[in-house]
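A.B. asks: let's see this in three dimensions:
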Amino acid sequence: MKNLFLLALLGTSSLALAQTPTARLMPDGSRDMYAGIGIVSAPRYKGSDRQETDPVALVQVQWSNGIFVSGLSAGMHLSASPTLEFGPLLAIEPGRNASGAQKLSGIGGVGMAAPGTDAQQAPRFTDIDSTLQGGAFLNHYFDESLRLTSSVLYGAGNHHNGLLLNAGIQKFIQVAPHHAVTLSAGATWANRRYTQDYFGVVAAPGTAQDAVTYRPSGGIRDIQFTVNWNWELSNLWLLTSQLSLNRLMGPAADSPLTDRRNNATVRTGLVYRF
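C.D. replies: Down below sits the predicted model:
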């Protein structure tokens, strides 16, 4: 039953956490691969009140040497223990297009100025490129259906010094033959460098600090709750669907760039096992 966590969070969107599929006992030189296509409806960025619907590629691969690729993350299982997983982790932190923020149009932005404000004196907030983060993961199994997860990742933001710490718990439930549900809950902490890059607003040089200047501290970025449903259509085909609820907390929630604290992401797709 434990290895059914493998597809618990397949094809995660940009709002989901870096995923570490369950380590599996596999013949030397072998690999287990799932690939398919789906559709996702997600906020344009963390805190946005605008949803976008797009096609999404669903890919998850695990090799017998412990290396895995899962969505926007990759890593390697180093533990031989059946109840403990750990190893290095890489993950892509999606960027943010500042011009897409609803609230930015009222306080100035990239190439824009607030009404009555000189363009050179407008509050500044920049686009953020997608960045590659490095870190590690540590997971513990209480039993075959209950897993405690954690990860640390560093390198997010335009200055590549954002730090994210995540802890969560996952519960696997076999609700019926060929139908499995995984319930997940977790929280993510971000350091000051991360929150200032993604949620801060800085006044232009030489201007007075005003109401729209926001320099957030570090703290809990968000909490998440996810329901994933997998339907095994056959030995080779799987229909996977997911609902993720996310609530921004603390400095991220208080940012003038945050239009909505609560966001939902829905995705579904069909995958084939190679």
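
A.B. asks: from here on, just use CA atoms for contacts and neighbour counts.
C.D. replies: Will do.

A.B. asks: what's the following helix or strand after the least confident helix or strand in the chain by mean pLDDT?
C.D. replies: When the helices and strands of the chain are scored by mean pLDDT, DSSP states H and E, helix 104-107 comes last with a mean of 46. Next helix or strand after helix 104-107 toward the C-terminus (DSSP states H and E): strand 131-143.

A.B. asks: identify the neighbouring strands of that next one in the sheet and state each direction.
C.D. replies: Sheet partners assigned to strand 131-143 using DSSP bridges are listed as strand 84-93 (antiparallel), strand 146-156 (antiparallel).

A.B. asks: buried set for it?
C.D. replies: By 16 or more other C-alpha atoms under 10 Å, the buried positions in strand 131-143 come out as 131, 132, 133, 134, 135, 136, 137, 138, 139, 140, 141.

A.B. asks: show me what the third one is bridged to.
C.D. replies: What it means is residue 133. residue 91.

A.B. asks: in terms of pLDDT, where does it sit?
C.D. replies: pLDDT, residue 133: 96.

A.B. asks: that one and residue 245, how far apart?
C.D. replies: To residue 245, residue 133 is 23 Å away according to C-alpha to C-alpha, to the nearest Å.

A.B. asks: returning to what we had before: now the strands paired with strand 131-143 in a markdown table, with distance to residue 172?
C.D. replies: Putting these into a markdown table (distance: least, C-alpha to C-alpha, whole Å) gives the following:
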| stretch | distance to residue 172 |
| --- | --- |
| strand 84-93 | 17 |
| strand 146-156 | 6 |
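
A.B. asks: tell me which of these sits nearest to residue 174.
C.D. replies: With C-alpha to C-alpha, the closest approach to residue 174 among the strands paired with strand 131-143 belongs to strand 146-156: 12.3 Å.

A.B. asks: skip ahead from the closest one and say which helix or strand is next.
C.D. replies: strand 162-176.

A.B. asks: parallel or antiparallel, which strands does that following strand pair with?
C.D. replies: strand 146-156 (antiparallel), strand 179-190 (antiparallel).

A.B. asks: put together TSV for the ones you listed, with distance to residue 64 and mean neighbour count on each row.
C.D. replies: Below are the strands paired with strand 162-176 laid out as TSV (distance: least, C-alpha to C-alpha, whole Å; neighbours: other C-alpha atoms under 10 Å):
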stretch	distance to residue 64	mean neighbour count
strand 146-156	21	22
strand 179-190	24	20
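
A.B. asks: take those strands and lay them out in a markdown table including distance to residue 36.
C.D. replies: Shown next, in a markdown table, are the strands paired with strand 162-176 (distance: least, C-alpha to C-alpha, whole Å):
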| stretch | distance to residue 36 |
| --- | --- |
| strand 146-156 | 26 |
| strand 179-190 | 19 |
